[in-house]
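Engineer: Kindly generate the corresponding structure for this input.
(one chain, ligands or ions: 4)
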Amino acid sequence: MLLRHCLFLASAALVRALPRHALLARVIDSKVAAETAYDFVIAGGGTAGLTVADRLTENPNVKVLVIEYGPFDNGEDYVLVPGAFFPVPYMWLTLLSTPQSALNDQVYGVTCARVVGGGSTINAMFFHRGSAGEYNSWEALGAEGWTWDGLLPYFKKSETFHAPDADLAEQWNVTYDASVHGSTGPIQVSYPPYDYPGSERFWNAAVRMGFPTVQDPNAGQAIGIFRLLHSVDPATQTRSYSRRAHYDRVKVRSNYHIFPNTAVAKVIFQGTTATGVEFIDLATKVKSIAKATKEVIVAAGAVHTPQILQLSGVGRKTDLQALGIRTVSDLPGVGSNLQDHLVLTVNYNFTNNLFPNGGSLNANQTYDAEQRALYDAGQPSAYTITRTTGNLILFLSLQNDPSPQKSLPSGTAQQVLKGYIAQRKQILKLLKAGNSIGDISWNTGPATSVYMTRPLSRGSVKLGSTDPLADPLGDFGAITDPADLEFLLAIYKKNRELMKTPEIAPLGPIELGEAAGLIRS
Ligand SMILES: Cc1cc2nc3c(=O)[nH]c(=O)nc-3n(C[C@H](O)[C@H](O)[C@H](O)COP(=O)(O)OP(=O)(O)OC[C@H]3O[C@@H](n4cnc5c(N)ncnc54)[C@H](O)[C@@H]3O)c2cc1C
Ligand SMILES: *[C@@H]1O[C@H](CO)[C@@H](O)[C@H](O)[C@H]1NC(C)=O
Ligand SMILES: *[C@@H]1O[C@H](CO)[C@@H](O)[C@H](O)[C@H]1NC(C)=O
Ligand SMILES: *[C@@H]1O[C@H](CO)[C@@H](O)[C@H](O)[C@H]1NC(C)=O
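Structural biologist: Numbers count the residues shown, from 1 in each chain. Ligands and ions are numbered 1, 2, ... in the order given. Purely as a prediction, here's the structure:
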């Protein structure tokens, strides 16, 4: 996947007059950190880390330090301009999965962010909530208050929703429910003002296949076809993300400190109380300590949070003992039950496609230059769409109950098994009630994507060594539950059906079997 994205970077080098990030004045040095009595120290300045830091420091008496492994971005086009997407340099490029036992032992890249702003700096900018039932299942599993009704006020608080202009909405079938959206939050969300003619074919093909159209997919139910909302500021048509919205916007606060290019090595405990963190300056490799009088918040993402916890002695005792790490808390759930969605890219040779389409920016330099010029002039342009994706998505539900399978690795702790069985029961209930099992997206160019967003298979994140700078061992456990293969196949077949509809068949799609690949995200 990285290779594919590197190709896109070539055109991202074009220069454009954009508001660049100011150089950061407040890089705190280790001495300041060591001498400051922080209330909260946050490990990981990603999507969640910066949001929490912003909200905590609204109170000027609360002192917060954020420690982030990656650098600040420099406002590069590939970060800010949707049509110049993909920010390869801001990812953990060396991080690979373990060989996937159900996929001929192939190794895959683990795509995740290493930059201030985390995933919000590098993601595809789809701004899409789960369904009400999905959040309600969190509460059913014990997360009290994390229901749809409990979360909706916070979803609204996070965003400023920009309704599409009426002509655009009419032309592209954009519908929405303003009552589920916020109007004063820090993240700007909008619909791209441009689309390819092929997306109308996708829309009508889905309707022909019997799928509903969704009035507002962020209102708690999203089965069927709809236009995706994007975390893009419509005033500049640039990415809206936690670095801009939850750091730059408030960096005048003297109680909000941040360390970029710095690794949290571990959480320091007195007994079982976290009192601070040990961190490493990645330029000098010097280790220091920052103290937290109230809380240490570990927000290093799904892969690195369990790494930090295990390095700190929080994890399965036998695993920690094997590496000579003193156990603070024997919690076998840490680093277990990893779930991540897969995507199968199925490419077609459209021998008779409409022009322009989602592949035209890459295939036609004249078109690319023309669209870039329109974008720079503030006009509707293909550069307002995330380069590798389309504007429409089709969410599918599962009508049949899959055969129950126990698919965790042998030797899994009882505690983890019990949690997984409870979780699986909720998932199957959701699937039965018609919630999404996966989705299909076609960018109107060669690429269609078959997503399987609710795997039953489970992986893990374990330590390979005690070196905090070494990558952890991420095992997706992809397709280890045989039911997942059936789901994936079923969604894949729906994609073929879509290609055979009278809307799309005239475009002459020929499936390119050899180009298909299974990747994450
Ligand atoms: C390629 C890609 C595309 C995506 N597309 C979308 C999309 O279109 N829409 C959507 O909603 N979601 C998307 N996502 C998912 C979304 O970005 C994530 O779910 C979200 O960012 C997770 O937030 P987080 O705060 O938990 O972790 P992250 O945002 O990943 O933040 C974790 C941070 O911790 C840092 N860190 C890790 N280890 C350490 C350490 N030892 N010390 C200090 N810091 C550390 C990391 O560098 C990172 O910046 C995408 C993700 C990827 C990778
Ligand atoms: C919008 O919906 C109408 C009615 O379903 C359909 O005829 C039309 O082609 C759609 N347009 C687009 C751009 O999807
Ligand atoms: C696509 O199909 C056409 C017509 O069969 C063929 O000439 C062309 O080489 C194909 N291209 C690819 C990339 O397979
Ligand atoms: C390439 O793009 C230009 C500008 O939009 C267009 O006029 C031309 O027809 C395109 N060429 C092909 C082969 O699609």
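
Engineer: For the rest of this, base every contact and every neighbour count on C-alpha atoms.
Structural biologist: Noted.

Engineer: Surely residue 510 is in a strand?
Structural biologist: Yes - residue state for residue 510 (DSSP: H, G, I helix; E, B strand; the rest coil) corresponds to a strand.

Engineer: measure residue 261 to ligand 4 for me?
Structural biologist: Applying C-alpha to the nearest ligand atom, to the nearest Å, the value for residue 261 to ligand 4 is 42 Å.

Engineer: I figured that residue was touching residue 282, is that so?
Structural biologist: Yes - with contacts counted by C-alpha atoms under 8 Å, residue 261 reaches residue 282, the gap being 5.8 Å.

Engineer: and for the two, which residues touch both?
Structural biologist: Contact criterion C-alpha atoms under 8 Å, 6 or more residues apart in numbering; residues bridging residue 261 and residue 282 by contacting each: residue 69.

Engineer: of the two, who's got more company?
Structural biologist: residue 261 (18 against 15; other C-alpha atoms under 10 Å).

Engineer: give the contact list for residue 384.
Structural biologist: For residue 384, the contact set (C-alpha under 8 Å, 6+ apart) comprises 81, 82, 83, 192, 193, 194, 237, 375.

Engineer: Name the SS class of residue 51, please.
Structural biologist: Look at residue 51: counting by three-state DSSP, its state is helix.

Engineer: any idea how far it lies from residue 256?
Structural biologist: Distance, residue 51 to residue 256, by C-alpha to C-alpha, to the nearest Å: 12 Å.

Engineer: Residue 142 too?
Structural biologist: Per C-alpha to C-alpha, residue 142 is found 32 Å from residue 256.

Engineer: again with residue 160
Structural biologist: In terms of C-alpha to C-alpha, residue 160 sits 23 Å off from residue 256.

Engineer: more neighbours, the two?
Structural biologist: The residue with more neighbours, out of residue 160 and residue 256, is residue 256; 22 against 19, by other C-alpha under 10 Å.

Engineer: what about the residue nearest to the more buried one when sequence neighbours are not counted, how many neighbours?
Structural biologist: In this structure, residue 256 finds its nearest non-sequential neighbour in residue 64, 5.2 Å apart by C-alpha to C-alpha, 6 or more residues apart in numbering. Neighbourhood size, residue 64 [other C-alpha under 10 Å]: 26.

Engineer: Settle this for me: residue 64 is touching residue 41, isn't it.
Structural biologist: Yes - between residue 64 and residue 41 there is a contact under C-alpha under 8 Å: 5.8 Å.

Engineer: any idea how far the residue in the stretch 401-521 of the chain positioned nearest to ligand 4 lies from residue 359?
Structural biologist: Of the residues in the stretch 401-521 of the chain, the one nearest ligand 4 is residue 445, at a distance of 11.9 Å by C-alpha to the nearest ligand atom. Distance of residue 445 to residue 359, computed by C-alpha to C-alpha: 4 Å.

Engineer: So if I had to pick from these two, which one is more boxed in?
Structural biologist: Per other C-alpha under 10 Å, whichever of residue 445 and residue 359 has more neighbours is residue 445, with 27 against 17.

Engineer: Does that one touch residue 358 like I think?
Structural biologist: Yes - in this structure, residue 445 is within contact of residue 358 by C-alpha under 8 Å, at 4.0 Å.

Engineer: What is the neighbour count of the closest residue to residue 43 other than its chain neighbours?
Structural biologist: Ranked by C-alpha to C-alpha, 6+ apart and with sequence neighbours excluded, the top spatial neighbour of residue 43 is residue 298, at 4.8 Å. Counted with other C-alpha under 10 Å, residues neighbouring residue 298 total 23.

Engineer: wait, what's in contact with residue 298?
Structural biologist: Per C-alpha under 8 Å, 6+ apart, neighbours of residue 298: 42, 43, 44, 305, 308.

Engineer: What residues sit buried inside the helix or strand containing the first one?
Structural biologist: Put plainly, it is residue 42. According to DSSP states H and E, residue 42 maps onto strand 38-43. Using 16 or more other C-alpha atoms under 10 Å as the test for burial, strand 38-43 gives 38, 39, 40, 41, 42, 43.

Engineer: what bridges to the fifth one?
Structural biologist: In other words, residue 42. residue 66, residue 297 (DSSP bridges).

Engineer: mind checking how far it is from ligand 4?
Structural biologist: 48 Å.

Engineer: for the residue in the chain positioned nearest to ligand 4, helix, strand, or coil?
Structural biologist: Using C-alpha to the nearest ligand atom, the closest approach of the chain to ligand 4 is made by residue 367 at 3.9 Å. Assigned with three-state DSSP, residue 367 falls in the helix class.

Engineer: Which residues of the stretch 101-250 of the chain lie near ligand 4?
Structural biologist: Residues of the stretch 101-250 of the chain found near ligand 4 (C-alpha under 6 Å from any ligand atom): none.

Engineer: how about the helices in the stretch 101-250 of the chain?
Structural biologist: Here the stretch 101-250 of the chain has its helices, by DSSP state H, counting those that start in this stretch, at 119-122, 132-140, 148-158, 166-172, 198-208, 242-246.

Engineer: The last one and ligand 1, any residue contact?
Structural biologist: No - interface with ligand 1: helix 242-246 contributes nothing (C-alpha under 6 Å from any ligand atom), its closest point being 8.9 Å away.

Engineer: Show me how far the helix or strand following that helix is from its chain's centre.
Structural biologist: Later in the chain than helix 242-246, the nearest helix or strand by DSSP H and E is strand 256-259. Computed by C-alpha atoms, centre = their mean, to the nearest Å, the chain-centroid distance of strand 256-259 equals 24 Å.

Engineer: how about strand 256-259, does it reach ligand 1?
Structural biologist: No - against ligand 1, strand 256-259 shows no contacts by C-alpha under 6 Å from any ligand atom, the least distance being 9.0 Å.

Engineer: pLDDT on the next helix or strand after that strand, on average?
Structural biologist: Sequence order places strand 262-270 as the next helix or strand after strand 256-259, per DSSP H and E. Across strand 262-270, the average pLDDT comes to 98.
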